[in-house]
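Asker: My questions are about this predicted structure, shown below with the sequence.
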Amino acid sequence: MKKSIKTTLVITAATACFVAILALPGCSTMDKALLTPNDTVTPAITNAATGDVTPAVTNTTYTPNPIAQGTATAIGALPLPWCGTAGAVLGACIAMYANYRNKKLAGALVTGIEAGRQILQTTPEGQRLDGMVKEALINHQEAAGVLNAASKMVNDLTSNTVVAGT
């Protein structure tokens with residue numbers, strides 16, 4: 001096989017992988033093939049003043065699957081022209097997809113919670129419950145060390161303006 005044909009095949013394969021990663025976001029098959037879910041549990045919190053207990057919360061994030069990363073590394077190690085570049089591009093695409101999925105998941109959670117809180121605001125009892133929900137969310141976010149980041153996401157993804165901790 002001529003060198004230019006091999007180069008074309010490598011570039012075509014890398015491009016096909018890149019297009020597949022960008023064209024199929026949210027596909028569960030793609031997630032299973034490329035990503036590894038990592039669960040972090042924030043323990044239950046007891047309010048010392050009131051005795052109220054906020055239940056534990058599980059947060060799922062995604063990291064690139066070791067097999068997918070290994071495949072990108074193996075492609076990069078092939079002794080063909082442009083394979084190093086193709087492997088690097090594929091590895092970067094996998095990492096970008098993991099980042100995209102994490103942001104998409106976090107955004108869906110923020111908008112869902114805010115929509116629920118808006119529904120609570122429609123009745124007097126709901127407004128009282130909303131205050132309790134808001135306090136529980138703030139307590140969990142403080143315990144997890146993500147209060148400022150969560151407030152920023154609410155501001156970025158909804159029409160609500162939130163100041164951290166209020």
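Answerer: In hand now; what should we look at?
Asker: Now do stretch 109-118, average pLDDT.
Answerer: Taken as a whole, stretch 109-118 has a mean pLDDT of 78.
Asker: Next: stretch 35-42.
Answerer: Averaging pLDDT along stretch 35-42 gives 82.
Asker: top helix in this structure by residue count?
Answerer: helix 83-120 (DSSP state H).
Asker: Can you give me the buried ones in that helix?
Answerer: By 16 or more other C-beta atoms under 10 Å, the buried positions in helix 83-120 come out as 83, 86-87, 89-91, 93-95, 97-98, 101, 105-106, 110, 113-114, 117, 120. All C-beta atoms are positioned from the backbone trio N, CA, C, and that covers glycine.
Asker: With stretch 130-142 instead?
Answerer: Quick answer for stretch 130-142 (16+ other C-beta under 10 Å): 130, 136, 137, 138, 139, 140, 141.
Asker: Looking at these, which are in helices?
Answerer: Using DSSP H, those in helices are 130, 136, 137, 138, 139, 140, 141.
Asker: excluding its backbone neighbours, what's nearest the fifth one?
Answerer: Using C-beta to C-beta, 6 or more residues apart in numbering and skipping the chain neighbours, the partner closest in space to residue 139 is residue 45 (5.3 Å).
Asker: Likewise for the first one?
Answerer: Nearest-residue entry for residue 130: residue 120, 4.0 Å, with adjacent residues in sequence omitted and distances by C-beta to C-beta, 6+ apart.
Asker: Then the third one?
Answerer: Distance criterion C-beta to C-beta, 6+ apart; nearest residue to residue 137, sequence neighbours excluded, is residue 113 at 7.2 Å.
Asker: where does the residue sitting nearest the centre point of the chain land on pLDDT?
Answerer: Centrality entry for the chain: nearest residue to the mean C-alpha point is residue 102, 0.7 Å, by C-alpha atoms, centre = their mean. Looking at residue 102, its pLDDT stands at 78.
Asker: so how far is residue 116 from it?
Answerer: According to C-beta to C-beta, to the nearest Å, residue 102 and residue 116 sit 22 Å apart.
Asker: Then residue 45?
Answerer: Applying C-beta to C-beta, the value for residue 45 to residue 116 is 20 Å.
Asker: Thank you kindly, that will do.
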